[in-house]
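A.B. asks: Predicted model and sequence follow; I will ask about them next.
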Amino acid sequence: MATPIFAANVLPIRTYIRWSAREVQDFTTDFNPLLDLWSERTGAESAVIYQHDPETSEYFAVASRYPETPRVQEIGLTLTESASGWLARLAAPEQGSSVTDPRFERFPESVQTGLETLLVLPLTGDGVHLGIAVLGRRKGLFPADTLALASRIAQLAAAVLERDVLTRKLRERKLIERAKGIVQQRRGLSEEHAYLLLRNTSRRRRLPMAEVAREIVENVFAKPIAQTA
């Protein structure tokens, strides 16, 4: 008789969503006009654009507009299993109350400023999920006649985000190549071993490889990295 497979043994994917004042500050330039449009045309009191990292199943804010200063400057929350699955399948705008709908209750906007109504818009480019935009109101649902307009603005935001992601990846690739050259020269390693050193250091320190590369380029071994992980 075959051994039954219990669903409880399968770990569900939980989505992590975070907002950081420092990170938002770095990426707001291109998005400010779109944040203004959402606020003016839909009556949104807050607007946040989150980029999605498919490797970690994480969303992190790259631009935001809040009606007041957030209670804390950095916040990260793990969504419920149902909310995580819902976001992964999101294909059209959906709104709800953070008070009565558990899918919306752990978004940073609700925790930070007490906004009750949230409208979540998927951001996609060439069929790829890039992130989400979250609009917030203190009371009442977003009017039905504003949802189509909010979606059109989301399409513009997706195009800007896609360009930003590609530009950042190119910049990070160049940074990693430069750091790899420094490691090769200083440690006398081959290109392959220099890359493995960067990768292993990134994993051990739980930092993106681009961050490790930036440290090497800026400090040029002011803090030596380990040769083995």
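C.D. replies: Yep, it's here.
A.B. asks: what kind of secondary structure is the residue nearest to residue 98 when sequence neighbours are not counted in?
C.D. replies: Distance criterion C-beta to C-beta, 6 or more residues apart in numbering; nearest residue to residue 98, sequence neighbours excluded, is residue 110 at 3.8 Å. Backbone N, C-alpha and C define where each C-beta goes, glycine included. At residue 110 the chain is in helix, as set by DSSP: H, G, I helix; E, B strand; the rest coil.
A.B. asks: I'd guessed residue 110 sits against residue 101; true?
C.D. replies: No - Residue 110 lies out of contact with residue 101 (C-beta atoms under 8 Å); the separation is 10.5 Å.
A.B. asks: who has more neighbours, these two?
C.D. replies: residue 110 (21 against 14; other C-beta atoms under 10 Å).
A.B. asks: Next one: that one from residue 16, what distance?
C.D. replies: 16 Å (C-beta to C-beta, to the nearest Å).
A.B. asks: Quick check: phi and psi at the closest residue to residue 58 other than its chain neighbours.
C.D. replies: Among residues not flanking residue 58 along the chain, residue 16 sits closest, at 4.6 Å (C-beta to C-beta, 6+ apart). Phi and psi for residue 16, reported as degrees, to the nearest 10, are phi -110, psi 130.
A.B. asks: so residue 16 sits right up against residue 76, yeah?
C.D. replies: Yes - here residue 16 lies in contact with residue 76, judged by C-beta under 8 Å, at a distance of 6.3 Å.
A.B. asks: who touches both of those two?
C.D. replies: By C-beta atoms under 8 Å, 6 or more residues apart in numbering, residue 16 and residue 76 have no common neighbours.
A.B. asks: tally of neighbours for residue 207?
C.D. replies: Neighbour number of residue 207 under other C-beta under 10 Å is 14.
A.B. asks: now it, what's its secondary structure?
C.D. replies: Look at residue 207: counting by three-state DSSP, its state is coil.
A.B. asks: And it, how close does it get to residue 154?
C.D. replies: The value you get for residue 207 to residue 154, if C-beta to C-beta is used, is 31 Å.
A.B. asks: Over to residue 60?
C.D. replies: With C-beta to C-beta as the criterion, residue 60 and residue 154 are 18 Å apart.
A.B. asks: Check residue 140 too.
C.D. replies: Residue 140 is 21 Å from residue 154, by C-beta to C-beta.
A.B. asks: Of these two, which one has the most company?
C.D. replies: Neighbours per residue (other C-beta under 10 Å) separate residue 140 from residue 154, with residue 154 holding more: 25 against 10.
A.B. asks: Spatially, and excluding backbone neighbours, which residue is closest to that one.
C.D. replies: residue 121 (4.1 Å).
A.B. asks: Test my guess that the one you found contacts residue 148.
C.D. replies: No - applying C-beta under 8 Å as the test, residue 121 and residue 148 come out as separate, 11.2 Å apart.
A.B. asks: rewinding a little: can you pull the contacts of the residue nearest to residue 98?
C.D. replies: Counting by C-beta under 8 Å, 6+ apart, residue 110 makes contact with 98, 104, 116, 118, 136.
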